[in-house]
Each structure stands twice: as structure tokens, then as C-alpha cells.
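*Asks:* Got a sequence here, can you model it:
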Amino acid sequence: MDAPPPSVSRTSLQSSVHKYVDTSLESLSSIWHDIGLSEDQQCDRTRVVLEHIQGLLDDMNNEEEGCRKKLKENVRTLQIDYSKLSSQLSVSEIQFGSGLTLLALDEELRKNTASLQKEKARRLQQVKSLKTEEEQICGRLQRTCLITDIDHDQVPSLKQLDAWCTIVDDIKADKESRSARLLTLQRAVQSLWLQLEIEPTVAGTASLESLFNMDDGVEKLPLTDETEENAKSLATKLENDLVALVANANSLRCQITCLYGRLEVAEPDRRAFLDQHADCRPTTVTSLETELARLEELKRQHMSAFIQTVRNELTDLWDQCMFGSMQREQFAPAFSEGEATEELLSAHEAEAERLKRYVEQTADIYKLVAKRESLWTRMQELLANANNPNRYNNRGGQLLKEEKMRKAISKELPKVEKELQAAVEAFESSSAQSFMINDERYLDAIAAQWEGLQTKKDSGKTKKTQKGKEDVPPAHTATTPHKRRPATTPSSSHNPAKRRAHPTPSTGSVRGGGAHTTFVQSKTPVSRVTSASASGRHTRAVRAPLKEVNDMEASMAIAGNIDNPDCTIGSIAALNYREFEETVPHQARCSSMGRANEMPAINLPE
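*Replies:* Here you go, the predicted model:
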């Protein structure tokens, strides 16, 4: 009998099983009946079939029960492993639903457990790599490892991994920084060796010099503070040697150049040697020393000429420093007539070097001295020019220029002297010596100049006052000089009608140089009428327009020359009395009081 086709439902399958068993029993019963088995025999055989079916079903049930027990055990084991991994990895467990079958639960547990096992393996591998890398770096840095609390049975958390990664990154950065610094020092040392023409001494394969001499030597050096300090000390020593070598070479060149000049060596020969020995290598220094020794020998053969050359140089330096005879005589060897010796030349050269340093040290002070002396000279010129009567016969605004210059000097000179005083006092404090010019302390010389100027001014004021008092005549009434008519034919210029058309001005006379000067006041430019007192004749009034002078020039002329007999009052007439009082200094007015009685009253415009 064919097996029933598979059904989609368990009830249909059970019905098919029952039907198949019934059909099979009926078939067996028919066979047994045909064979001729008795009823008891058929029952026995039917009992055997039942036992066989029961045994088969029992075996199948036992087998399936075993599978269920095994599946439950697997699920239990997976749950334990999953919980353990979750705890080790510090992750939260997934709570599976109660409706899952054993197979579904087993599948989920297997999948999540496998994922956690991979994460555990990744973390353990990362810890192993970090530990290995740290050991290598700490070996180069020669320091103790920091990642020491690692339990290979314990899976580190993500926080621990981040902390260990930070540690490794820090020491890695320190290693790279130290390597870069050592590499820079290595290149510097190699360059210095080349410039100093030094072959590094190879004391051993592990020495600093030998490793620095190798391109990859830094990779073999321990990256410790001691190694870096030793490398810095080596580089500093070589740098100092190079600086000393360069200074020695430059000093030799200066001495050679100086001797070339004194020995009057031809310029092409000088340049040929100096250009050929322009660097600072030890071999070059040796050549410079040889050349200097040769020139020194020539110098000894021309000692007298050399001493005279240095004396000429000293004279130039003395002139530059404005030294007086006493300052110059302080260096007695410059004036000795003894034998020309090496010691005498050395003394002269030492003094020349001292003066050169002095000039360099006081260069700024001498600039201020030159500026101050220039301002003082210009001020003296202005003071000397103030008494020159011809200074008003100008057509280019000279008075205004002088006033501007006077204001500029009065503003600039105190500023320069203050700055100069500060510089000189600082120099004297630092050098413990006075700043001397022409055998006199310069600050004292400045004070003496101002004191002399003030004394000169006071003396001039006294003389003017005394002279004015001596020249005062007895009081008299001012009258207008009599005008004599010329014995000529009357003309239109002497028409009485025209003369009456113009009011007779007030006139006054100023005594000066034996002549009388009459000033005519009118609305037109002021005219001056001059009559020769010696002949007793008077010329007619002639109108001569004066140059237009602005108030500034007029005020300066009055302020500086009110006591000058040749000063015209035409400029005074341009100002009213109040302006005159404000413009003319009190000193000038006082100095002119000596002639107050000689000068008749003058009608000034209101």
C-alpha cells in the first residue's frame, strides 16, 4: 500500500496514519485468513504487530525527547555564555521574549554570543598590540611601561581601551619629538664638523659621535634626557669652537688689513690674498696666521714709520673727539722722541683702540654736541645781527625769516640740551669719567656759555642806561622848525592854496649822527624830510613812499632796535600806542628812556 501524500496539517497526518494502520491490519488479516491461520494465531500475530508499532513509536518518542533535552541544554549553555560575555564586555543583555521556541531561542543566542565573542577577541588583540607597542617605545625611551594592570582573562572595557590608547599615543608623540630633536642636532653637528674640518672620533659603535656620524644613527640611540643633553652639549661645544674660529679669522683679517695699509701693499695683492682666504676653516686660519707673521716681521723692519702712522691716527681721533692739549698730553708716549720699539708701537696701538672704542661708545653724544653747537652758533648770529641797522633795508622779508628762526631755536635748543645732559650723565655714571671737550667738562662749558651770555646782556643794559642818563639835555619846549622859502619862481608845487588844502602835520626831530630828521604824519605813507644842520638850509619836504611793512616785521624792528638812532618812526606810526606798549619789550623801552628828553613829542594816530 502506498504511503499517503504529505499533508499540510498535523490532524490530516494523524488521520492518514490511522487509516494506513487500519488498512495494513485488514490486509494482514486477509493474508492470515488465506493462509489458514486460526483466530488465536491471527490474534497473536496482530499482537506482535501492535508491539512492533508501539516499540517503533516509543523509540521515536525517546529519540525526539532526547533531542529536546539536548536543545534545552544548549540553550541553557548559550544563555550562560551570553551572560558571561555581556558582563565581560560591559554591555547590557538582550531580553528574549518568552514566546520563542527552543530552536528560535537557540538561534538568537548563538548569533548574539558569536558577536560578543568577536568583540572580545578584537579587544584582546588591541590590548596585545598596545602592550607590544608600548614595550617597544618605552624601550627606546628607557622608561617603565604604564600599561601593567592587564589581565588577559579579563576583557578590558572601552573606557580602559581609550585610556591605554591615550597613553600609547602620548609616549609615541614624545618619541617622535625626541627623535626629531636628535635628528636636528645630528644635522647641526655634522655641519659643524664639516665647517671645523673635524673627523669624528669613533670610540665605539655605541658612542654618540659614531652614531651621529651615521645617517641612521639616531634610530639606534636611546631617546633619553641624558642623550639629548649630551647631543646639545656636543653641538654647543662645536658652535663655540666655530664662533671662536670665526672671531679669530676676522681678527686676523683686520690685523692683516691694517698692516697692509701701513706697509702700503698694493691693492691687487691685498684682494688676491683676502678673497682666496674669505672663509673661516682651520686651514684658512692657519694661512692667515702665517701671513700675519710675515707682515709682523715687515712691520718690525719699519717700526718708526708705523709709530708715526699710528700717531697720525691718534691725532685724527683726538680731533674727532675734540680733545684739548691737556687731554692729548695724558698719553705721553705720543710726544716722546725715544727709540722706536715694539713696546712703544704697542702702546700707541692700544691707545688708538681705546679711542676707537670711546668714539663708538659716545657716537650719539657727539651727534647731539654737533647739533647743539650748530643751534648755539645760529643763535649767536641772530643776536649779533639784532644791532645791525641795515637789517631793515630789505625787500625779502628777512625780519620775518629771522623771527621764525629765532622761535625755532628757542624751541629746539632747550630740547637738545636736555637730551644731551641726560646722555652725558648716563655716560659719566656708567664709565666713571667726565665727558670732556677741549679740556673742560662739557656740561660745565654749556653752563659757562649761558652765564657769559647773560653777563653780556646785563653789561649791555647797564651801559645803555648810563649813556642815556649822561645824554639827557635840559628840558625845552618842542617847536616846529622854521621852513625857509626857496628863492625860486613859485610853481604849482608851492601854491599856497594847495598848501592850505593839506593840514600842517606835527613834526619832531630825532638827533642822530649830527643831523635832524623830521617825520611828517599824513594818511599817505610816511615821508622823511632831512635837513643839513651844518649849512643851516632846509630842503623842501619830499614824499617818498616807504616799503609796506606788515605788523609782524614792524613789531620786530621796534622790539630789537627802539634804541637805535637810525630807526625810523615810520614803522611806529603804523601802530597805535597800545600796540606799541604790548609789542615793545619792557627791556627795550627802558633802554630807550635815556633819549626820552631828546625826542620831541610825536602825535601817534588814534
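*Asks:* Any idea which residue is closest to the centre of this structure?
*Replies:* residue 364 (22.2 Å; Cα atoms, centre = their mean).
*Asks:* Isn't that residue up against residue 423?
*Replies:* Yes. Proximity of residue 364 to residue 423 meets the contact threshold set by Cβ atoms under 8 Å, at 6.2 Å. Glycine gets a C-beta too; all of them are placed from N, C-alpha and C.
*Asks:* The strand or helix carrying residue 76 packs against which elements?
*Replies:* If you go by DSSP states H and E, residue 76 is part of helix 39-88. Packing partners of helix 39-88 (3 or more Cβ pairs under 8 Å, 6 or more residues apart in numbering; DSSP states H and E): helix 10-35, helix 102-141.
*Asks:* Quick check: mean pLDDT of that helix?
*Replies:* For helix 39-88, mean pLDDT rounds to 89.
*Asks:* With stretch 107-125 instead?
*Replies:* 88.
*Asks:* Just the buried positions in it, please.
*Replies:* 108-109, 112-113, 116, 120, 123-124 (16 or more other Cβ atoms under 10 Å).
*Asks:* Relative to residue 69, which of those is nearest.
*Replies:* residue 109 (16.8 Å; Cβ to Cβ).
*Asks:* Please look at that closest one and residue 78 and confirm they touch.
*Replies:* Yes. Between residue 109 and residue 78 a contact is recorded at 3.6 Å, counting by Cβ under 8 Å.
*Asks:* Run the chain-centre distance for the helix holding residue 76.
*Replies:* 95 Å (Cα atoms, centre = their mean, to the nearest Å).
*Asks:* And stretch 34-51, by the same measure?
*Replies:* Counting by Cα atoms, centre = their mean, stretch 34-51 comes out at 124 Å from the chain centroid.
*Asks:* May I see the buried residues of that stretch?
*Replies:* The neighbour-count criterion (16+ other Cβ under 10 Å) identifies residue 42 as the buried residues of stretch 34-51.
*Asks:* and residue 318, how many neighbours?
*Replies:* Neighbour count for residue 318, taken as other Cβ atoms under 10 Å: 17.
*Asks:* and what of residue 411?
*Replies:* Residue 411: 9 surrounding residues under other Cβ under 10 Å.
*Asks:* Check the one 5 residues further on too.
*Replies:* By other Cβ under 10 Å, the residues close to residue 416 number 18.
*Asks:* List the contacts of it.
*Replies:* 368, 371-372, 375 (Cβ atoms under 8 Å, 6 or more residues apart in numbering).
*Asks:* what's the answer for residue 71, then?
*Replies:* Residue 71 makes contacts with 102-103, 106, as judged by Cβ under 8 Å, 6+ apart.
*Asks:* Buried ones from those, can you make that a ChimeraX selection?
*Replies:* One line in ChimeraX is enough to select the buried ones among these; burial here means 16+ other Cβ under 10 Å:
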select :106
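*Asks:* export the contacts of residue 416 to JSON lines and tack on secondary structure?
*Replies:* As requested, the contacts of residue 416 are exported to JSON lines (DSSP: H, G, I helix; E, B strand; the rest coil):
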{"residue": "368", "secondary structure": "helix"}
{"residue": "371", "secondary structure": "helix"}
{"residue": "372", "secondary structure": "helix"}
{"residue": "375", "secondary structure": "helix"}
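*Asks:* Pipe the residues you listed into TSV and attach pLDDT and neighbour count per row.
*Replies:* Putting the contacts of residue 416 into TSV (pLDDT from 0 to 100; neighbours: other Cβ atoms under 10 Å) gives the following:
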residue	pLDDT	neighbour count
368	93	18
371	92	16
372	91	18
375	91	19
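*Asks:* Might you calculate how far stretch 323-334 sits from the centre of the chain?
*Replies:* 44 Å.
*Asks:* do stretch 225-237 as well
*Replies:* Taking mean C-alpha positions (Cα atoms, centre = their mean), stretch 225-237 and its chain are 30 Å apart.
*Asks:* buried stuff in it?
*Replies:* Those would be 227-228, 230-231, 234-235, for stretch 225-237 by 16+ other Cβ under 10 Å.
*Asks:* Also stretch 287-298?
*Replies:* Applying 16+ other Cβ under 10 Å to stretch 287-298 flags 287-288, 291-292, 295 as buried.
*Asks:* State the distance from residue 413 to residue 315.
*Replies:* Distance, residue 413 to residue 315, using Cβ to Cβ, to the nearest Å: 31 Å.
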